[in-house]
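In: this is a predicted model, with the sequence first.
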Amino acid sequence: MSSNEATITLPNNKTIKTPTGLFINNEFVDSVDGKRFKTINPVTEKEITTVAEASEKDVDLAVDAAEKAFNEVWRYSTGAQRCKLLNKLADLMERDLDELAALESLDNGKTYKDAKRSDVPTSIGAYRYYAGWCDKIHGKTYESQKKFSYTRREPFGVCAAIIPWNFPLAMLSWKLGPALACGNTIVIKSSEYTPLTALKVAALIKEAGFPKGVVNILNGYGKPTGSAMAYHMKIDKIAFTGSTATGKYILKASSESNLKKVSLELGGKSPSIIFADADLEEAVKWAHSGIFYNSGQCCTAGSRIYVENSVYDEFIKKFKERTENIKLGDPFESDTHQGPVVSKAQFDRVMGYIETGKKEGATCLMGGDRHGKEGYFIKPTIFTDVKEEMTIMQEEIFGPVAAISKFNTIEEVIEKAHMTTFGLVAAIFTKDTSRAIKISNELKAGTVWVNLYNIVNPYSPFGGYKQSGMGRELGKESLKEYTQVKTVQINLDMTM
Ligand code: NAD
Ligand code: MN
């Protein structure tokens with residue numbers, strides 16, 4: 001076994017071989033300094049394996065590889081060639097769906113079932129969607145008597161992406177898909193908490209036949225690795241998903257270096273608004289998965305639930321019943337609903353918020369505690385009677401913690417919904433379609449869901465209002481983030 005391949009044994013005793021090096025120029029290599037770090041299984045708190053850790057020097061090597069690949073090969077690729085490669089990658093991910101889902105579950109703690117039916121198919125869907133765009137990206141023509149002008153949508157060249165740990169495969173695909181479709185090469189840093197599946201995809205990228213250097217994947221921490229990318233003078237565009245604090249750091253790094261273009265998908269504190277006329281069973285079901293899906297570790301988490309006064313008690317009763325049925329445990333067991341949170345750091349952060357909620361006087365209706373003695377398991381937690389100014393109503397918790405409060409009028413609930421620095425998503429539950437449309441128009445959020453939650457698809461643009469981000473991912477919108485427009489003006493007069 002080379003130092004850059006590990007054989008990992010799953011809880012069901014199956015084994016998976018997976019790369020552990022840095023993926024540069026289609027090879028899995030050690031870092032220049034030879035440093036490595038551990039990735040942890042959040043169920044056992046034990047090491048799964050170690051991976052190579054990129055330093056600034058490795059970032060330089062990856063950028064050089066991406067630059068060379070762009071200049072010598074990729075900029076001459078046709079849309080049809082890129083389409084074929086992206087579809088081939090999607091085919092290989094379908095072939096290896098079980099392994100990808102198992103590794104995602106092992107490294108992150110999410111259930112194998114969810115990884116298999118959601119994370120991996122979502123990623124495959126994004127690659128296929130952007131495969132379809134490769135040969136449909138073009139400019140416009142503008143004509144007048146004396147001039148002929150046209151625009152071209154050109155790739156930036158070397159792009160970078162920094163991704164988080166909550167949906168490692170999906171976040172990879174939301175960056176890689178459009179960046180490659182538009183003809184860029186790319187350097188990506190995975191999260192230090194979940195490096196494994198990006199490396200598995202790297203192996204498939206090589207197998208699919210992508211030319212060397214087109215995709216480079218680094219394992220490493222925010223500092224120095226991510227920071228070196230954000231400040232890099234040869235990276236023309238950077239896409240980031242993660243916390244607002246880090247997003248601001250990246251924007252600052254851009255302004256202090258080469259003004260690389262920046263797109264940011266940051267956090268949220270999203271409201272679920274339940275009106276008295278809603279189908280209450282349905283509203284409970286969706287609002288529940290809105291906050292508890294993926295152990296609450298979703299940028300879209302519906303962490304503020306506002307319920308109209310007249311159905312408040314009934315809603316709470318049903319919501320609590322549903323929460324009592326959540327089974328915590330081994331993510332590989334088929335009847336498990338919720339695994340651990342991703343890391344010790346995240347566990348401590350979430351438990352800290354729970355303590356603050358109790359101290360500030362919110363009612364902890366259930367949960368509020370760890371589950372078991374080993375692993376980063378947190379019981380699904382419900383706070384009721386939560387006031388707007390309380391910390392748990394203001395800050396992104398990113399864990400299985402719901403904050404519920406009541407309202408009387410539409411004006412009041414819209415005002416409350418807006419009492420946040422975030423604006424990623426919002427959800428409304430009502431049978432009154434005109435009210436749903438009117439309120440959707442009012443809400444300051446990049447996505448509004450009506451009578452459902454957490455529905456994302458490759459064709460619907462996704463991103464934030466306010467401090468939830470800049471730019472959009474997915475859909476045709478994302479093509480704008482990975483191309484720049486060139487205008488060519490031609491004098492027709494002289495040729496007459
Ligand atoms: P983070 O923003 O620090 O990490 C996200 C990514 O950014 C990781 O790859 C990390 O290595 C990298 N990074 C960190 N510091 C960097 C820097 N200075 N320069 C460049 N890259 C850097 O998030 P976290 O510490 O893992 O989690 C903290 C909180 O962030 C969570 O509790 C949650 O509220 C939020 N978060 C949001 C999302 C999301 O999807 N929007 C994802 C993860 C975390
Ligand atoms: Mn891990």
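Out: The structure has been received and is ready for your questions. Ligands and ions are numbered 1, 2, ... in the order given.
In: any regions of the protein where pLDDT drops low?
Out: Applying pLDDT under 70 to the chain picks out residues 1-2, 495-496.
In: up against ligand 2, what does it have?
Out: 39-40, 107, 193 (Cβ under 5 Å from the ion). In short, each C-beta sits where N, CA and C put it, glycine included.
In: out of those, who has the most neighbours?
Out: Most neighbours among the residues of the chain next to ligand 2, by other Cβ atoms under 10 Å: Asp107, with 28 neighbours.
In: picking up where we left off before, most widely separated two among the residues of the chain next to ligand 2?
Out: With Cβ to Cβ as the measure, no two of the residues of the chain next to ligand 2 lie farther apart than Ile40 and Asp107, at 8.4 Å.
In: can you name the residue of the stretch 201-350 of the chain nearest ligand 2?
Out: Taking Cβ to the ion, ligand 2 has its nearest neighbour within the stretch 201-350 of the chain at Val342, 6.5 Å off.
In: which residues in the stretch 201-350 of the chain form strands?
Out: Here the stretch 201-350 of the chain has its strands, by DSSP state E, counting those that start in this stretch, at 215-218, 237-241, 261-265, 271-274, 304-308.
In: equivalent analysis for the stretch 351-496 of the chain, please.
Out: Going by DSSP E, counting those that start in this stretch, the stretch 351-496 of the chain shows strands at 363-366, 381-384, 401-407, 425-429, 447-450, 469-470, 483-491.
In: show me what the fifth one is packed up against.
Out: For strand 447-450, the helices and strands in contact under the criterion 3 or more Cβ pairs under 8 Å, 6 or more residues apart in numbering; DSSP states H and E are strand 425-429, helix 433-442.
In: buried stuff in the last one?
Out: By that I understand helix 433-442. By 16 or more other Cβ atoms under 10 Å, the buried positions in helix 433-442 come out as 436, 439.
In: which positions in the stretch 1-150 of the chain make contact with ligand 1?
Out: Residues of the stretch 1-150 of the chain lying close to ligand 1 (Cβ under 6 Å from any ligand atom): none.
In: could you say which one of the helices and strands packed on strand 447-450 comes nearest to Glu395?
Out: strand 425-429 (16.8 Å).
In: which neighbours does the closest one have in its sheet, and in what orientation?
Out: strand 271-274 (parallel), strand 447-450 (parallel) (DSSP bridges).
In: could you export those as CSV, including distance to Gly375?
Out: CSV is the format used below for the strands paired with strand 425-429 (distance: least, Cβ to Cβ, whole Å):
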stretch, distance to Gly375
strand 271-274, 28
strand 447-450, 32
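In: so which of the ones you listed is nearest ligand 1?
Out: Closest to ligand 1 of the strands paired with strand 425-429 is strand 447-450 (Cβ to the nearest ligand atom; 13.3 Å).
In: ranking the strands paired with strand 425-429 by burial, who's on top?
Out: For the strands paired with strand 425-429, the largest average neighbour count (mean count of other Cβ atoms under 10 Å) is found in strand 271-274, namely a mean of 28.
In: can you give the distance of it from its chain's centre?
Out: Distance, stretch centre to chain centre, for strand 271-274: 22 Å (Cα atoms, centre = their mean, to the nearest Å).
In: show me what that strand is in contact with.
Out: 280, 283, 286-287, 290-291, 302, 304-308, 311, 315, 407, 413, 416-417, 420, 426-429, 439, 453 (Cβ atoms under 8 Å, 6 or more residues apart in numbering).
In: okay, helices next: where are they in the stretch 251-400 of the chain?
Out: Assigned by DSSP state H, counting those that start in this stretch, the helices in the stretch 251-400 of the chain fall at 280-292, 312-324, 344-359, 391-394.
In: wait, which of those helices is closest to ligand 1?
Out: Here helix 344-359 is closest among the helices of the stretch 251-400 of the chain (Cβ to the nearest ligand atom), at 5.5 Å.
In: who touches that closest one?
Out: Residues contacting helix 344-359 (Cβ under 8 Å, 6+ apart): 40, 45, 296-297, 340-341, 364, 367-370, 376, 378, 381, 383, 386, 390-392, 395, 397-401, 403.
In: likewise for stretch 366-381?
Out: 42-45, 109, 292, 295, 320, 323-324, 326, 328, 338-344, 346-347, 350-351, 354, 358, 364, 382, 399-402.
In: returning to that earlier point: out of the strands of the stretch 351-496 of the chain, flag the one nearest ligand 1.
Out: Nearest to ligand 1 among the strands of the stretch 351-496 of the chain is strand 469-470 (8.2 Å), distances taken as Cβ to the nearest ligand atom.
In: can you spell out which helices and strands pack onto that closest one?
Out: Going by 3+ Cβ pairs under 8 Å, 6+ apart, strand 469-470 lies up against strand 261-265.
In: and the angle for the strand it packs on with strand 237-241?
Out: 10 degrees (axes from the mean of the first three to the mean of the last three Cα atoms, to 10 degrees).
In: kindly calculate the angle that strand 261-265 makes with strand 483-491.
Out: Counting by the same axes, to 10 degrees, strand 261-265 lies at 140 degrees to strand 483-491.
In: quick check: domain ranges of the protein?
Out: 5-266+470-485, 271-457 (the TED database).
In: grab the most central residue of the protein for me.
Out: Nearest to the geometric centre of the chain sits Met171, at 4.1 Å (Cα atoms, centre = their mean).
In: neighbours around the nearest residue to that one once chain neighbours are set aside, how many?
Out: Leaving aside its sequence neighbours, Met171 sits nearest to Ile163 (Cβ to Cβ, 6 or more residues apart in numbering; 4.1 Å). Neighbourhood size, Ile163 [other Cβ under 10 Å]: 28.
In: run a quick check on Ile163 versus Ile238, I expect a contact.
Out: No - shown here, Ile163 and Ile238 do not form a contact pair, counting by Cβ atoms under 8 Å, at 11.4 Å.
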